[in-house]
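[1] Generate a structure from the sequence data that follows.
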Amino acid sequence: MTFRSSLPRVHRFIFPAPERSRQVRPVGGRCVTESRNPDEVAAGWYVYLREEPDDPELRQQFEAWLHESPLHRQAWAEINETLGVLASAPPERRERNSARRWWGRPANDRRGSRRMRTVAFAGAAMAACVAAFVLVPDLTLRLRADHYTQAGTTQAIRLADGSEVILAPRSALTVHMTAHARRIDLLRGEAWFVVHHDTSRPFSVVAGPVTTTDIGTMFDARTDGEETSVAVREGAVHVFAQGGISLDRDLHAGERVDVKGGQVTVDTQSPETMGLWRDGMLVAQGNTIAEMAAALQPWTQTRIIIAHDTLAARKVSGSYDLRHPETSLQLIVHPYGGKVVSVTPWFALVTGR
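    Numbers count the residues shown, from 1 in each chain. A predicted model of the protein is given here:
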């Protein structure tokens, strides 16, 4: 399905250990290997040097790595520049990661060393909390849901009435079946519905403020708490919105509706482009890079942070593989000089010019 700007916000990188010349050896109690590219290794050195600024052996090993290759020196310069961009990013783009507070401390600040170590420990604790929120499913939502999907996974559901549902990544729903009605509450995310028509038992999907009632159809519904959309591939549905929103109409094949902040937009869309996420495909038609990052987010566990407003507003068109969000994100930003750098295991920073 060609996505809209409200679609959810990512990307899996591993924050590396430093490496050196095809060896495996301990460094400051850690095992160091040469299985990473220079950019990843530079990121690892950045953290370790801030954790142990007074370790002469670590500093010597870093200097040796730095002078082994011009590529190492370039990677080191770029990681310093990238983290500088993150520190200077607007407040709304900064993540609440206390580690950022101590990364910038000079390595030779002996007076602040003890305090830095204390803050570093607090940063590690904060990172664990962040990991719990990013990597562990939302417990409250999971307890409420009959069906729940984690990042990067989909689920095919066959309902008791013969209807079929495909649940997109990071989505949740509940199922209510009675002798007189069938209702699905889409609590979060996106789902594809192929409805077994039964005039005696209406089939409805509640997503945000919008209730969609089947008239005999195949359709897609999505909600993220701010915007709700419904797109019809075959047949027809009736859509109605609560909360004083002016929406009460039928939608037919090739039509879609988007509801955001009380505003309703009805548009047309080629039916064959609806629900392409089921096949792991993301199709963009003049969408911004910010919108692309949002569409990739459910397919990975790592948060994408775009630290460059001009780059975020750039528009792209093309087809991208949702099952490989890391590669897709790189392909999206590369034509505009953008770069994707791992900042922690849970955040990926997109910079550009």
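[2] Got the confidence number for Asp55?
    pLDDT for Asp55: 82.
[3] Let me fix that, I meant to ask about Pro38.
    Pro38 carries a pLDDT value of 74.
[4] helix/strand/coil for the closest residue in space to it that isn't next to it in sequence?
    In this structure, Pro38 finds its nearest non-sequential neighbour in Ala75, 3.8 Å apart by CB to CB, 6 or more residues apart in numbering. (Each C-beta comes from the backbone N, C-alpha and C, glycine too.) Under DSSP: H, G, I helix; E, B strand; the rest coil, Ala75 falls in the helix class.
[5] Count the residues that sit near Ala75.
    20 (other CB atoms under 10 Å).
[6] And it, how close does it get to Ala64?
    Per CB to CB, to the nearest Å, Ala75 is found 15 Å from Ala64.
[7] about what we covered before: distance check, the residue nearest to Pro38 against Ile305.
    Ala75 is 20 Å from Ile305, by CB to CB.
[8] Helix or strand with the lowest mean pLDDT in the chain?
    Every helix and strand of the chain was ranked by mean pLDDT, DSSP states H and E. The lowest is helix 99-103, at a mean of 32.
[9] in stretch 167-176, what's buried?
    By 16 or more other CB atoms under 10 Å, the buried positions in stretch 167-176 come out as 167-173, 175.
[10] Next: stretch 323-342.
    Under 16+ other CB under 10 Å, the buried positions of stretch 323-342 are 324-326, 328-329, 332-333, 338-342.
[11] who touches Leu329 in this structure?
    Leu329 makes contact with 11, 292-293, 296, 304, 340, 348, 350, according to CB atoms under 8 Å, 6 or more residues apart in numbering.
[12] What about those residues, which are in strands?
    304, 340, 348, 350 (DSSP state E).
[13] In JSON lines: these, plus pLDDT and distance to Tyr46.
    As requested, those are exported to JSON lines (pLDDT from 0 to 100; distance: CB to CB, whole Å):
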{"residue": "Ile304", "pLDDT": "89", "distance to Tyr46": "20"}
{"residue": "Val340", "pLDDT": "91", "distance to Tyr46": "16"}
{"residue": "Ala348", "pLDDT": "85", "distance to Tyr46": "15"}
{"residue": "Val350", "pLDDT": "90", "distance to Tyr46": "18"}
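[14] State the pair within these that is farthest apart.
    Spanning the widest gap among the ones in strands among the contacts of Leu329 are Ile304 and Val340, at 8.2 Å by CB to CB.
[15] Report the beta-bridge partners for Leu349.
    Leu349 has these beta-bridge partners by DSSP bridges: Ile305, Val341.
[16] okay but it is in contact with Leu311, surely?
    No. Assessed by CB atoms under 8 Å, Leu349 is found out of contact with Leu311, at 11.5 Å.
[17] Looking at these two, which has the bigger crowd around it?
    Leu349 (25 against 20).
[18] What confidence value was assigned to the more buried one?
    For Leu349, the pLDDT comes out at 87.
[19] ok, it to Glu227 distance?
    For Leu349, the distance to Glu227 (CB to CB) stands at 26 Å.
[20] Likewise for Ile304?
    Applying CB to CB, the value for Ile304 to Glu227 is 19 Å.
[21] neighbour count winner among those two?
    Neighbours of Ile304 and Glu227, each counted by other CB under 10 Å, are more numerous for Ile304; the result is 22 against 18.
[22] Of all the residues in the host helix or strand of Thr212, which ones are buried?
    For Thr212, the element it lies in under DSSP states H and E is strand 210-223. For strand 210-223, a neighbour-count test (16+ other CB under 10 Å) marks 210-215, 217-223 as buried.
[23] again, but for stretch 257-275
    257-260, 269, 273-275.
[24] Now do it: distance to the chain's middle.
    Relative to its chain's centre, stretch 257-275 lies at 22 Å (CA atoms, centre = their mean, to the nearest Å).
[25] and the residue nearest to Pro335 when sequence neighbours are not counted, bridged to which residues?
    Spatial nearest neighbour of Pro335, excluding adjacent residues (CB to CB, 6+ apart): Val316 at 7.6 Å. Beta bridges link Val316 to Asn287, judged by DSSP bridges.
[26] Centre of the chain to stretch 217-233, how far?
    19 Å.
[27] first vs last residue of it, how far apart are they?
    Its start and end residues considered, stretch 217-233 measures 7 Å (CA to CA, to the nearest Å).
[28] hmm, back to that, can you select the buried ones from the contacts of Leu329 in PyMOL?
    The buried subset of the contacts of Leu329, as determined by 16+ other CB under 10 Å, is captured in PyMOL by this line:
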select buried, resi 11+292+293+296+304+340+348+350
